[in-house]
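Undergrad: Coordinates for the following, if possible.
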Amino acid sequence: MLQVIEHLVDGLEQGKVGRREAVARLVAVVAAAAGAGPALTGGATAAETQPAPGKASTFRAQGLNHAALRVTDLDRAQAFYERHLGMRVTSRSQWNRFLDCGGGHFLALFKSERPGMDHLAFSIEPYRADDAERRARDAGLTVRRAENRVYFDDPDGIELQVSPR
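TA: Numbers count the residues shown, from 1 in each chain. Model prediction:
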């Protein structure tokens, strides 16, 4: 997924991808992440990536809650997302910006010397942090907890978070 997003941002910056196409691609990425398409599963359908019969999944993602990126210049990144994707800041500090993507979703930007993906958060219901932490540990995942937030890595080390809707 990281490559897809980086390619999209590069295309926008180079003028090779228009705003409408960028939004359409982001929608496709979100749909695929939620299990509605093959873009993130190497061509596999949602049914092909479901647990084997009799085995329940650890969680059931109901949508991409938010994406969080590390950026070197918060003001520059904010201006980019405002200009090219029509996002608006809902919260800001010296170290971060939260931009509304519509539909209750947001993009988090975190100040960092090293740009890249910080994490992806998926909505699950019902969400109770203690229960989510236990379920992830029971599934053999290495869990990190920060207050009411539960994090774990995918097989490539990309940090994921489960969140309430």
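Undergrad: Can you name the residues that contact residue 60?
TA: Residues in contact with residue 60 (C-beta atoms under 8 Å, 6 or more residues apart in numbering) are residue 124. Glycine gets a C-beta too; all of them are placed from N, C-alpha and C.
Undergrad: Check the one 10 residues further on too.
TA: With contact taken as C-beta under 8 Å, 6+ apart, residue 70 is in contact with 110, 111, 112, 114, 115, 116, 117, 118.
Undergrad: farthest-separated two in those residues?
TA: 111 and 117 (14.9 Å; C-beta to C-beta).
Undergrad: shouldn't residue 95 be in contact with residue 111?
TA: Yes: applying C-beta atoms under 8 Å as the test, residue 95 and residue 111 come out as touching, 4.9 Å apart.
Undergrad: okay, now the residue lying closest to residue 136 once chain neighbours are set aside: neighbour count?
TA: Among residues not flanking residue 136 along the chain, residue 143 sits closest, at 4.8 Å (C-beta to C-beta, 6 or more residues apart in numbering). Applying other C-beta atoms under 10 Å, we find 16 residues neighbouring residue 143.
Undergrad: can you check residue 156 too?
TA: With other C-beta under 10 Å as criterion, residue 156 counts 7.
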